[in-house]
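A.B. asks: coordinates for the following, if possible.
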Amino acid sequence: MSHGDGPPPMFDDDDFLYWKIRMESYLEACDVKCLKAVTEGFTPLAKDTALTPLEQENEKWNAKAKNHIFRGLGKDMFNRVRNHKDVHELWTELCALNEGTKGEREERFHLVMHKLNTFEMLPKENANEICSCLNVIVEELNRLGLNQMSPADVTRKILCVLPIDKYGHILTVLHQGDLSTTTPISILGKINAHEMYMHINPPR
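C.D. replies: Predicted coordinates:
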């Protein structure tokens, strides 16, 4: 293969969104027409007529893209979608099987957003504990593929849930920085240092 990236990524029936993004990147590296065949599809072929040069070209990209996807699927998932001739229909089916329908994902999205919006720090929790719990919610949200929370979004959420009476000084300092380029890990390090200095929530 001219792209030199080796075999396509394998889907192990876990974290479909991760595999989906990697597969789309792989197809784009092969050729942008491979990616278009998958994500957009081509105009359906007219029945009982000879293929035009453009249609022949599209059929070639359809076949190449389908081959790459099939090579990235395990036997069980392959058997569920193998009868699709059109790679765009194949891709749509894969997404529906592993992400749910758009309506189902929208419903789950609203449930997860409710958890995120009502997330708060409990009295005996420290920053490490709330970040761990928050990451679980963020990963659940991002896997739905409807709205991705950026590291900056997570950083701002961490600062929002810290009680002002315990973290007022460090919150003032952190808000003076550029939160759009600050990672949750760097923020957490500063908050941990503040907790140690102020003796907030010592180990139980």
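
A.B. asks: quick one, helices of the protein?
C.D. replies: For the chain, the helices defined by DSSP state H occupy 16-30, 32-39, 53-71, 75-81, 87-99, 102-117, 127-143, 151-161, 164-175, 184-198.

A.B. asks: out of the ones you listed, which one sits most buried?
C.D. replies: Of all the helices of the chain, helix 32-39 carries the top mean neighbour count, a mean of 19, counting by mean count of other C-beta atoms under 10 Å. In short, each C-beta sits where N, CA and C put it, glycine included.

A.B. asks: avg pLDDT for that one?
C.D. replies: Across helix 32-39, pLDDT averages out at 94.

A.B. asks: try stretch 185-198
C.D. replies: Here the average pLDDT along stretch 185-198 is 89.

A.B. asks: report the distance from it to the chain centre.
C.D. replies: Distance of stretch 185-198 from its chain centroid, counting by C-alpha atoms, centre = their mean, to the nearest Å, is 28 Å.

A.B. asks: likewise for stretch 36-51?
C.D. replies: Distance, centroid of stretch 36-51 to centroid of chain: 29 Å (C-alpha atoms, centre = their mean).

A.B. asks: determine which of the helices of the chain approaches Ala46 most closely.
C.D. replies: Across those, Ala46 has its closest neighbour in helix 53-71 (8.3 Å, C-beta to C-beta).

A.B. asks: show the average pLDDT along that closest one.
C.D. replies: 94.

A.B. asks: same for it, what does it pack against?
C.D. replies: Here helix 53-71 touches helix 16-30, helix 32-39, helix 87-99, going by 3 or more C-beta pairs under 8 Å, 6 or more residues apart in numbering; DSSP states H and E.

A.B. asks: make TSV from the helices of the chain and add distance to Pro9 to it.
C.D. replies: As requested, these are arranged in TSV below (distance: least, C-beta to C-beta, whole Å):
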stretch	distance to Pro9
helix 16-30	4
helix 32-39	14
helix 53-71	10
helix 75-81	13
helix 87-99	13
helix 102-117	22
helix 127-143	16
helix 151-161	23
helix 164-175	37
helix 184-198	26
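
A.B. asks: Gly6 is nearest to which of the ones you listed?
C.D. replies: Proximity to Gly6, assessed across the helices of the chain by C-beta to C-beta, is greatest for helix 16-30 (9.2 Å).

A.B. asks: show me what the closest one is packed against.
C.D. replies: Helix 16-30 packs on helix 32-39, helix 53-71, helix 87-99, helix 127-143, going by 3+ C-beta pairs under 8 Å, 6+ apart.

A.B. asks: please consider this matter closed, and thank you.
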